[in-house]
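[1] Let me see the structure of the following:
(one chain, ligands or ions: 3)
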Amino acid sequence: MNVPQHIAIILDGNGRWAKQHGMPRNFGHTQGAKNVETICREAWNLGVKYLTVYAFSTENWSRPREEVDALMKLLRNYMKNCVKTAEKNHMRVRIIGDKTGLDEDIQESIARLEESSKDHDGLNFQIAINYGSRDEMLRGMRKMLQDYKEDKFSLNELNETKFQSYLDTADIPDPDLLIRTSGEQRISNYLLWQLAYTELYFTNVPWPDFTKEELVKAIEDYNSRDRRYGGIKEE
Ligand code: IPE
Ligand code: IPE
Ligand code: MG
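    Numbers count the residues shown, from 1 in each chain. Ligands and ions are numbered 1, 2, ... in the order given. You can find the predicted model right below:
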């Protein structure tokens, strides 16, 4: 089986899953966070090198206050515990998104987590928090124009590689496979530049129920695809 080097996941359906079980939405988020850990382990065992999950979008601030607060509390704890998890399984963890929009203590936890795991040689695990692809491109563009103004490069040096170097995912290869759980078939402002040639996989399974078996199914489906990149099929 050809295992994708980089899998991106839109983990969706926590709220609906909880409702189906007669529980509050936040219970779904707690279960969803637990499942992230499981899938990190399984993905690495299957041979995946990069995993990027969407945990909180720039649009998610428009959810009810109590839900945003609960999600931030969950992320806060997650960042703290993740230092130990990353130590144990050698993951390198990076956060993509606008960190400056998060509470200061969360920013500090993120800095600690990124610093303590930066030399780990296991799974490259990216978590998108306060992430929106349009916002990422605009932030990158601002930085790029500033560098241009300071004569750090000339206009004819601006190519795709250069632009990419200003994105949050600068050192990370583009995803080979995008998985979105829970039935929705949209990108929701996730990795718009990076997904240019990514294979898309949608499943009705809600995120808290997304198991190793479901991950294998997605990879098998990916294997049946005919990736062309604009060329013709190699026989
Ligand atoms: C995904 O589950 C987690 C986040 C967006 C934080 P949702 O909270 O979107 O769950 P549904 O889509 O309402 O079921
Ligand atoms: C996308 O899920 C964002 C995350 C998974 C963090 P949403 O559930 O927020 O997306 P929409 O609103 O249904 O497009
Ligand atoms: Mg949703």
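[2] Below-threshold pLDDT in the protein: ranges please.
    Counting by pLDDT under 70, the chain shows low-confidence ranges at 235.
[3] need the longest helix for it.
    Longest helix in the chain by number of residues, with DSSP state H as the criterion: helix 65-89.
[4] what angle sits between the following helix or strand past that helix and helix 65-89?
    The helix or strand immediately downstream of helix 65-89 is strand 92-96, counting by DSSP states H and E. Angle, strand 92-96 to helix 65-89, by axes from the mean of the first three to the mean of the last three Cα atoms, to 10 degrees: 150 degrees.
[5] Strand 92-96 close to ligand 2?
    No. Using Cβ under 6 Å from any ligand atom, strand 92-96 stays clear of ligand 2, coming no nearer than 11.9 Å. All C-beta spots, glycine's among them, are computed from the backbone N, C-alpha and C.
[6] which parts of this structure sit against ligand 2?
    10-12, 54-57, 60, 184, 186, 188.
[7] Recalculate using a threshold of 5 Å.
    Applying Cβ under 5 Å from any ligand atom, one finds that the chain approaches ligand 2 through 10, 12, 54, 57, 188.
[8] quick one, what contacts the third one?
    Applying Cβ atoms under 8 Å, 6 or more residues apart in numbering, one finds that Tyr54 lies in contact with 8-11, 128, 131, 188, 190.
[9] that older thread, can you pull the buried residues of the longest helix of the chain?
    Within helix 65-89, the residues that count as buried by 16 or more other Cβ atoms under 10 Å are 70-72, 74-75, 78-79, 82-83, 85-86.
[10] I'd like those residues written out as TSV, with distance to ligand 1 added.
    TSV is the format used below for the buried residues of helix 65-89 (distance: Cβ to the nearest ligand atom, whole Å):
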residue	distance to ligand 1
Ala70	10
Leu71	6
Met72	11
Leu74	9
Leu75	9
Tyr78	12
Met79	15
Cys82	17
Val83	22
Thr85	20
Ala86	21
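[11] okay if I get those as CSV plus distance to Gln146?
    Putting those into CSV (distance: Cβ to Cβ, whole Å) gives the following:
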residue, distance to Gln146
Ala70, 37
Leu71, 32
Met72, 30
Leu74, 35
Leu75, 29
Tyr78, 33
Met79, 29
Cys82, 32
Val83, 33
Thr85, 36
Ala86, 32
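[12] Look up how far ligand 2 lies from Gln164.
    23 Å (Cβ to the nearest ligand atom, to the nearest Å).
[13] Just give me the neighbour total for that residue.
    Counted by other Cβ atoms under 10 Å, the residues lying close to Gln164 total 16.
[14] my read: it touches Pro173, true?
    No. Contact criterion Cβ atoms under 8 Å: Gln164 and Pro173 do not qualify, at 10.3 Å.
[15] quick one: contacts for the nearest residue to Trp17 once chain neighbours are set aside?
    In this structure, Trp17 finds its nearest non-sequential neighbour in Pro206, 3.9 Å apart by Cβ to Cβ, 6 or more residues apart in numbering. The neighbourhood of Pro206, defined by Cβ under 8 Å, 6+ apart, consists of 12-14, 16-17, 20, 28, 181-182.
[16] ok so, going back, of the residues of the chain next to ligand 2, which ones also sit close to ligand 1?
    Near ligand 1, by the rule Cβ under 5 Å from any ligand atom, you find Asp12 out of the residues of the chain next to ligand 2.
[17] between the residues of the chain next to ligand 2, which is closest to ligand 1?
    Nearest to ligand 1, judged by Cβ to the nearest ligand atom, of the residues of the chain next to ligand 2 is Asp12 at 4.7 Å.
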